[in-house]
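K.L.:
give the three-dimensional model of this entry:
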Amino acid sequence: MADISDLAIIRNIGIMAHIDAGKTTTTERILYYSGRVHKIGEVDKGTATMDWMSQEQERGITITSAATACNWKNSVVNIIDTPGHVDFTVEVERALRVLDGAIGIFCAVAGVQPQSETVWRQADRYSIPRIAYVNKMDRIGADYFRVIKMIQKNLGSAAVPIQLPIGAEDSFEGLIDIIKLKAYIYQGDTGEKYFERDLSEFELAEAEKYRILLLEKLSDYDDGILEKYLEGQEISLEEIYSSLRKQTIANKLVPVLCGSSFKNKGVQFLLDAVVNYLPSPLDIPSVKGIDKKTGEEVARLADINDPMCALAFKVAVDPYVGKLTYIRIYSGKLKTGSHALNSRKDKRERIGRILKMHANHREEIEAAFAGDIVACVGIKDMVTGDTLCSEEAPLILESIDFPEPVIDVAIEAKTKADQDRIEESLRRLAEEDPTFKTRIDEESGQMIISGMGELHLEIIIDRLLREFKVNANVGIPQVSYKETIKKKSQAETIFEKQAGGRGQYAHVVLEISPLAEGKGKVFCDDSSSEQIPREYVSAVEIGAREALQAGILAGYPVDDLEITLKGGSFHEVDSSEQAFKIAAAMSIKEALAKAQAVLLEPIMDMEIISPEEYVGDVIADFNARRGRIIGFEESRESKIIQGTVPLAETFGYATSLRSHSQGRASFSMKVKNYAEVPESKSKEVIAKRYGLPV
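P.N.:
Just a heads-up that it's a prediction; the model follows:
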């Protein structure tokens, strides 16, 4: 490996896209051409290096983000291959949080798809520089320029082609570099051999047109290029490369390349673009955190001499080495056997071993430095989003926000022996995956597991049964509903109890009022210390929030409301935190009963791609599921239907869609928001919840 202490040669990148755009296939080629593996793995055959889980190999999809590293032209490229399925968005979110750059892969036929839009927006949120790679140029219907227009229009990014394809579909044979004005033609099956040739007259005219477009884009941001361009002076290759790198890192431009990873064409040039245009740890802003001693914001430089700080972005259970904590080191260095502080929990941790990961293979190293992405063994209490830092200079880095689960399944152990094992296994799975939650249903006493979709829970259950050897009965998936309120209400509660000795007394006046969708639960204190001493206010908040875990309609969590403590009174002797918690909970229940409570359900954004002849049947079925069509798009022989549909109506949709289209239509969906359930449907949900006849 190259000298890892030289930060300028490191590229920490993620590969992100919609499902089946070719992320893992592209990563396999990167590993092959860089010499990291000596045989090309294939997703379809279950031999892909990065899809190492048995569940991934069986389904031919990526489920967990896998990390690896390779060398290319004196640079070290750390790669995280992320899933494309919407159920595993968390894997993309936490990878993007610690990466410096990304490759967005787009299918040359389908273009910008729903999940590619989702991950692109996630990258926008973290201001991650990107290059775009239009894959599958060999497929029927491939259209490079249509995809570029979609990136510009749908993603709002200034996408500029730096390559043009030579041919398309069956005739795709190579590409044109519009900066060098040269053509590269591939030979043989493995893509290792290609030759350079001059452009034909037609190719040169086309390439010069796009080269001028690139120079015009660069001159918008680069005065040096602008001056030379206006004066008709020659602009050197080095000036173009340097300017394009600068504008890519500044998120002003997105260079676009093309290829066919499956047919082994274009991947070497993609690696060149990673090294040429994506940032090293030195090119990105210094990471900022809160100093634990002063409470002020401080910056940590990407420097091995700065105090060590790192963010835990993933926890995984390895069957051979136990718990692995994946960290991105932002500053300083970390040595095997040393100690560091988990600043979020104020716990001292010993670093047992440091591993460089290559999918599920491990390479032990003695030390890791700023810019590295490694896995640590021996860290006991860290979870995703925790900060590991120097004990002498403690700070807390910004954590990672994760979406709430939208689908539930009841699960129960078959035997008493399985009960203990199931609880421990679920705890370990929840440590790995922050979007996976477990709870005990107060009404039924059942254990409920919650996730981001049917596939997400299917994988969790499969791992429980197969990997953790748990024998369990599993219920059918249920929608994770919420409750909220439509109007403001107020309740006053006096909790008073005398049972010999010291009594219990608390008096609270609470007001609840509705908030906009997605605002969550907000607590405000409008009381005075004469009414309620300050030490009891937090008890009121805890009691109120706990009461909102189960609403009055069907026992679902209550969301999107503001709780205001208006006043109350206390007793010098009998008042306690427990009394105020109970009084607050009673007051919340009373206020909810007067606030016009309603049920909320998750609504999904759905995109259906169907051949023209089946569109009528597909739309009829979609409408019958309370779906609402938003728009249509034409795509060669297919029609793209965009709409929204309640999650409750999507169970079994894949089978239904196949039967309506002879297996030729496909769909993808993601959570859009929560919306009020229609009254007739609401009554049905509540009746089912309590086991009443519908």
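K.L.:
partners of the helix or strand containing residue 411, with directions?
P.N.:
Per DSSP states H and E, residue 411 falls inside strand 407-413. Sheet pairing of strand 407-413 (DSSP bridges) gives strand 447-451 (antiparallel), strand 472-474 (antiparallel), strand 478-479 (antiparallel).
K.L.:
could I get the CA-only coordinates of it as PDB?
P.N.:
The C-alpha coordinates for strand 407-413 follow below in PDB (Å, rounded to 0.1, in the frame of the first residue of the first chain):
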ATOM      1  CA  ILE A 407     -43.600  -1.200   9.500                       C
ATOM      2  CA  ASP A 408     -44.000  -3.600  12.400                       C
ATOM      3  CA  VAL A 409     -44.000  -7.400  12.900                       C
ATOM      4  CA  ALA A 410     -44.800  -9.400  16.100                       C
ATOM      5  CA  ILE A 411     -42.300 -12.100  17.000                       C
ATOM      6  CA  GLU A 412     -42.300 -14.600  19.800                       C
ATOM      7  CA  ALA A 413     -39.800 -17.300  20.900                       C
END
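K.L.:
okay if I get the strands paired with strand 407-413 as CSV plus mean neighbour count?
P.N.:
From N, CA and C alone the C-beta is placed, and that goes for glycine too. Converted to CSV, the strands paired with strand 407-413 look like this (neighbours: other Cβ atoms under 10 Å):
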stretch, mean neighbour count
strand 447-451, 21
strand 472-474, 15
strand 478-479, 18
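K.L.:
for residue 538, find the nearest of those.
P.N.:
Of all the strands paired with strand 407-413, strand 447-451 sits nearest to residue 538, with 27.4 Å by Cβ to Cβ.
K.L.:
sorry, back to before: which elements pack onto the next helix or strand after the strand holding residue 411?
P.N.:
Next in sequence after strand 407-413, counting helices and strands by DSSP H and E, comes helix 416-432. Packing partners of helix 416-432 (3 or more Cβ pairs under 8 Å, 6 or more residues apart in numbering; DSSP states H and E): strand 309-318, strand 407-413, strand 437-440, strand 447-451, helix 454-466.
K.L.:
recalculate using a threshold of 10 Å.
P.N.:
strand 309-318, strand 322-331, strand 407-413, strand 437-440, strand 447-451, helix 454-466, strand 472-474 (3 or more Cβ pairs under 10 Å, 6 or more residues apart in numbering; DSSP states H and E).
K.L.:
now the angle between helix 416-432 and the strand holding residue 411, please.
P.N.:
150 degrees (axes from the mean of the first three to the mean of the last three Cα atoms, to 10 degrees).
K.L.:
the inter-axis angle of strand 407-413 versus helix 454-466?
P.N.:
Using the same axes, to 10 degrees: strand 407-413 against helix 454-466 is 10 degrees.
K.L.:
chain center to strand 407-413: distance?
P.N.:
24 Å (Cα atoms, centre = their mean, to the nearest Å).
K.L.:
distance of the residue most central in space within the chain from residue 102?
P.N.:
Note on the chain: the residue nearest the mean C-alpha position is residue 93, at 2.8 Å, using Cα atoms, centre = their mean. For residue 93, the distance to residue 102 (Cβ to Cβ, to the nearest Å) stands at 13 Å.
K.L.:
residues in contact with stretch 194-214: which ones?
P.N.:
For stretch 194-214, contacts defined as Cβ atoms under 10 Å, 6 or more residues apart in numbering pick out 145, 160-164, 166, 173-188, 225, 229, 235, 240, 243-244, 253, 255, 264-266, 268-269.
K.L.:
now, those that are in helices?
P.N.:
145, 225, 229, 240, 243-244, 268-269 (DSSP state H).
K.L.:
check contacts around the residue lying closest to residue 335 once chain neighbours are set aside.
P.N.:
Leaving out its chain neighbours, the residue that sits closest to residue 335 by Cβ to Cβ, 6 or more residues apart in numbering is residue 367, at 4.6 Å. By Cβ under 10 Å, 6+ apart, the contact set of residue 367 is 4-5, 304, 333-336, 338, 351, 354, 374.
K.L.:
save these as CSV, and put in distance to residue 128 and pLDDT too.
P.N.:
Formatted as CSV, those follow (distance: Cβ to Cβ, whole Å; pLDDT from 0 to 100):
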residue, distance to residue 128, pLDDT
4, 22, 45
5, 24, 52
304, 23, 87
333, 25, 91
334, 24, 92
335, 29, 92
336, 30, 91
338, 30, 90
351, 28, 90
354, 26, 90
374, 20, 88
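K.L.:
buried subset of those residues?
P.N.:
4, 304, 333-334, 336, 351, 354, 374 (16 or more other Cβ atoms under 10 Å).
K.L.:
including secondary structure and distance to residue 280, could these go into CSV?
P.N.:
Shown next, in CSV, are the buried ones among the contacts of residue 367 (DSSP: H, G, I helix; E, B strand; the rest coil; distance: Cβ to Cβ, whole Å):
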residue, secondary structure, distance to residue 280
4, coil, 12
304, coil, 14
333, strand, 17
334, strand, 19
336, coil, 25
351, coil, 25
354, strand, 21
374, strand, 17
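K.L.:
farthest pair in the residues you listed?
P.N.:
4 and 351 (17.0 Å).
K.L.:
show me what counts as buried in stretch 216-230.
P.N.:
The neighbour-count check on stretch 216-230 (16+ other Cβ under 10 Å) flags 217-219, 222, 225, 228-229 as buried.
K.L.:
cool, and stretch 127-147?
P.N.:
For stretch 127-147, by 16+ other Cβ under 10 Å, it's 128-139, 141-144, 146-147.
K.L.:
those in helices, which ones?
P.N.:
Short answer: the buried residues of stretch 127-147 in helices (DSSP H) are 144, 146-147.
K.L.:
dump these to CSV, plus pLDDT and distance to residue 543.
P.N.:
Listed next are these as CSV, based on pLDDT from 0 to 100; distance: Cβ to Cβ, whole Å:
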residue, pLDDT, distance to residue 543
144, 94, 60
146, 92, 57
147, 94, 54
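K.L.:
and the lowest mean pLDDT element among the helices and strands of the chain?
P.N.:
Least confident element among the helices and strands of the chain, by mean pLDDT, DSSP states H and E: helix 54-59 (a mean of 47).
K.L.:
beyond that helix, next helix or strand please.
P.N.:
strand 66-72.
K.L.:
ok and whichever helix or strand comes after that next one relative to strand 322-331, angle-wise?
P.N.:
Downstream of strand 66-72, the first helix or strand assigned by DSSP H and E is strand 75-81. Using the same axes, to 10 degrees, the inter-axis angle of strand 75-81 relative to strand 322-331 is 130 degrees.
K.L.:
what packs against strand 75-81?
P.N.:
For strand 75-81, the packing partners by 3+ Cβ pairs under 10 Å, 6+ apart are strand 10-16, helix 23-33, strand 66-72, helix 89-98, strand 101-107, helix 267-277, strand 353-358, strand 373-377.
K.L.:
tell me what the shortest one is packed against?
P.N.:
Of the remaining helices and strands, those touching strand 373-377 by 3+ Cβ pairs under 10 Å, 6+ apart are strand 66-72, strand 75-81, strand 309-318, strand 322-331, strand 353-358, strand 361-365, strand 367-369.
K.L.:
now that strand, how far from the centre of its chain.
P.N.:
20 Å.
K.L.:
how about the buried residues of stretch 216-230 in JSON lines, adding distance to residue 591?
P.N.:
Shown next, in JSON lines, are the buried residues of stretch 216-230 (distance: Cβ to Cβ, whole Å):
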{"residue": "217", "distance to residue 591": "57"}
{"residue": "218", "distance to residue 591": "60"}
{"residue": "219", "distance to residue 591": "62"}
{"residue": "222", "distance to residue 591": "60"}
{"residue": "225", "distance to residue 591": "63"}
{"residue": "228", "distance to residue 591": "69"}
{"residue": "229", "distance to residue 591": "67"}
